[in-house]
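*Asks:* turn this into a model:
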Amino acid sequence: MTPPVQSNEFVSTQQAAELLSVSIRTVQSWVAKGVLPAWKTPGGHCRILRSEIDSRLHEKQQFIDNIGSVKTVNVMVIEDEPVLLELYRFRIESWDIPLKLDMATNGFEGLILAGKCNPDIIITDLMMPGMDGFQMLKALEHNKVLNNTRIIVVTALTGEEIEQQGGLPGNIMVMHKPVLFEVLESEVRALQGAETLAFRKD
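*Replies:* You can find the predicted model right below:
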């Protein structure tokens, strides 16, 4: 990049970090990825266009101003396997989506929790101790409050095995393990109904 003529047209990495309220490491990462266009002085110091900083500050303020209009998606996960449940938590909370996450370890807990939090989307296993997913889904089918809830079953059972257990209510998406988190993220984003800002603090 051709260096700016006026010194006030660019800032140092440290100044950029202070203006954007992020760490110097984050700014360096953005520069390396090309997110923040920059050039180096003969002495090897990084310089960033002030106009680029101002542009991102404007985007950030727009996001803050509009955050109230962005839908927060209520996500509920029901899974009895502790390791997988924590994997769900780790992956879902890493998505750049305004969401509220609730978790349960069996169908009975899920049924009670669903009645309290009215989730937008339920991601559930089928084979669980106590009340399993089949029983829970049949109970939820009669709950008119959850008529608009998106339900995704994630299971190791085959389609034939599911039918042998009595099948599932209509309008339920079935995903066979291993979990495809990219598909789940896409479903949650569709429920949100708005794109979120890719600019965020690491």
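*Asks:* neighbouring strands - and their directions - for the helix or strand hosting Ile123?
*Replies:* Ile123 belongs to strand 121-124 when assigned by DSSP states H and E. According to DSSP bridges, strand 121-124 forms sheet pairs with strand 73-78 (parallel), strand 150-155 (parallel).
*Asks:* remind me what whichever helix or strand comes after the first one packs against, helices and strands.
*Replies:* Right, the one you point to is strand 73-78. Using DSSP H and E, the next helix or strand after strand 73-78 towards the C-terminus is helix 82-93. Applying 3 or more C-beta pairs under 8 Å, 6 or more residues apart in numbering; DSSP states H and E, we find helix 82-93 packed against strand 73-78, strand 99-104, helix 181-192. Yep, even glycine has a C-beta here, placed from its N, CA and C like the rest.
*Asks:* most packed of those?
*Replies:* Stretch with highest mean neighbour count among these: strand 73-78 (a mean of 24; mean count of other C-beta atoms under 10 Å).
*Asks:* direction-wise, compare that one with helix 82-93 and give the angle.
*Replies:* Angle of strand 73-78 versus helix 82-93, following axes from the mean of the first three to the mean of the last three C-alpha atoms, to 10 degrees, is 170 degrees.
*Asks:* give me the mean pLDDT for strand 73-78.
*Replies:* The average pLDDT within strand 73-78 is 96.
*Asks:* that one vs helix 181-192, what angle?
*Replies:* Orientation check (the same axes, to 10 degrees): strand 73-78 against helix 181-192 gives 140 degrees.
*Asks:* contacts for strand 73-78?
*Replies:* 85, 88-89, 92, 97-107, 109-110, 113-114, 117-125, 128, 133, 136, 188, 191-192 (C-beta atoms under 8 Å, 6 or more residues apart in numbering).
*Asks:* specify the angle between it and strand 99-104 in degrees.
*Replies:* Going by the same axes, to 10 degrees, strand 73-78 makes 20 degrees with strand 99-104.
*Asks:* CA atoms only: put strand 73-78 into CSV for me.
*Replies:* What follows is strand 73-78, C-alpha atoms only, in CSV (Å, rounded to 0.1, in the frame of the first residue of the first chain):
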residue,chain,number,x,y,z
VAL,A,73,-32.5,-16.7,19.6
ASN,A,74,-33.5,-19.0,22.6
VAL,A,75,-31.6,-22.3,22.0
MET,A,76,-32.2,-25.4,24.1
VAL,A,77,-30.1,-28.5,24.0
ILE,A,78,-31.1,-31.8,25.5
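*Asks:* run the chain-centre distance for the helix ranked longest in the chain.
*Replies:* Determined from DSSP state H, the single longest helix within the chain is helix 50-66. Offset of helix 50-66 from its chain centre (C-alpha atoms, centre = their mean, to the nearest Å): 22 Å.
*Asks:* got it, and stretch 114-133?
*Replies:* On C-alpha atoms, centre = their mean, the centre of stretch 114-133 falls 19 Å from the chain's centre.
*Asks:* per-residue confidence at the spatially closest residue to Lys177 that is not a sequence neighbour?
*Replies:* Once flanking residues are discounted, Lys177 sits nearest to Ala156: 4.7 Å by C-beta to C-beta, 6 or more residues apart in numbering. With respect to pLDDT, Ala156 scores 94.
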